[in-house]
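Novice: Sequence plus predicted model, see below.
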Amino acid sequence: MTQEIYIEDIAKVLKNKLKLEKQLKMKIKNQGNWFVINGSPENEYLTLEIFKAIDLGFSAEKALLLTDETKLLHIVNIKDITKRHDLERVKGRIIGTQGRTIGNLTK
């Protein structure tokens, strides 16, 4: 099967393209910011999740941790949870002092 995904920061993906292809057993081609992936449906889904993680700012190494079946990428839109007037306070609590809280969550 073939899937396409749009990536803002293509440099991270291109830099790790061979590593991603080898570990995910996928064929990856890019056309500008669009990436076309070919392979088994299971690996396509996993590759899409890994590309989302990379596009969100995770390193390729961290994103590849999603190949472990016990790991999951869950994107939470803070605006859906809190009122707009206290958004900065909520972001501050999630990030924590010097990024410690967010660092602990991503370990």
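Specialist: That came through, no problem.

Novice: quick check: domain ranges of the chain?
Specialist: 2-67, 76-107 (automatic domain parsing).

Novice: pLDDT weak spots in this structure?
Specialist: Confidence mapping of the chain against pLDDT under 70 gives the ranges 99, 101-102, 104-107.

Novice: quick one: the helices in it?
Specialist: Taking DSSP state H as the criterion, the chain carries its helices at 10-15, 17-24, 41-55, 60-63, 78-81, 87-95, 100-105.

Novice: Just send those helices back as TSV, with mean neighbour count too.
Specialist: No exception for glycine: its C-beta is placed from N, CA and C like everyone else's. What follows is those, written out as TSV (neighbours: other C-beta atoms under 10 Å):
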stretch	mean neighbour count
helix 10-15	15
helix 17-24	15
helix 41-55	18
helix 60-63	16
helix 78-81	9
helix 87-95	12
helix 100-105	11
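
Novice: now for these, which one comes closest to Gly32?
Specialist: helix 10-15 (7.8 Å; C-beta to C-beta).

Novice: List the contacts of the closest one.
Specialist: Applying C-beta atoms under 8 Å, 6 or more residues apart in numbering, the contact partners of helix 10-15 are Ile7, Leu20, Ile28, Asn30, Gly32, Asn33, Phe35, Phe51, Ile54, Ser59, Ala60.

Novice: List the contacts of the fifth one.
Specialist: Taking C-beta under 8 Å, 6+ apart as the definition of contact, the neighbours of Gly32 are Ile10.

Novice: Make 362 the first number, not 1, from now on.
Specialist: OK, 362 is where the count begins now, so the last one is Gly393.

Novice: Please name the residues that touch the most centrally placed residue in the chain.
Specialist: Nearest to the mean C-alpha position of the chain, by C-alpha atoms, centre = their mean, lies Ala414 at 0.5 Å. The neighbours of Ala414, taking C-beta under 8 Å, 6+ apart as the test, are Lys423, Ala424, Leu427, Leu434.
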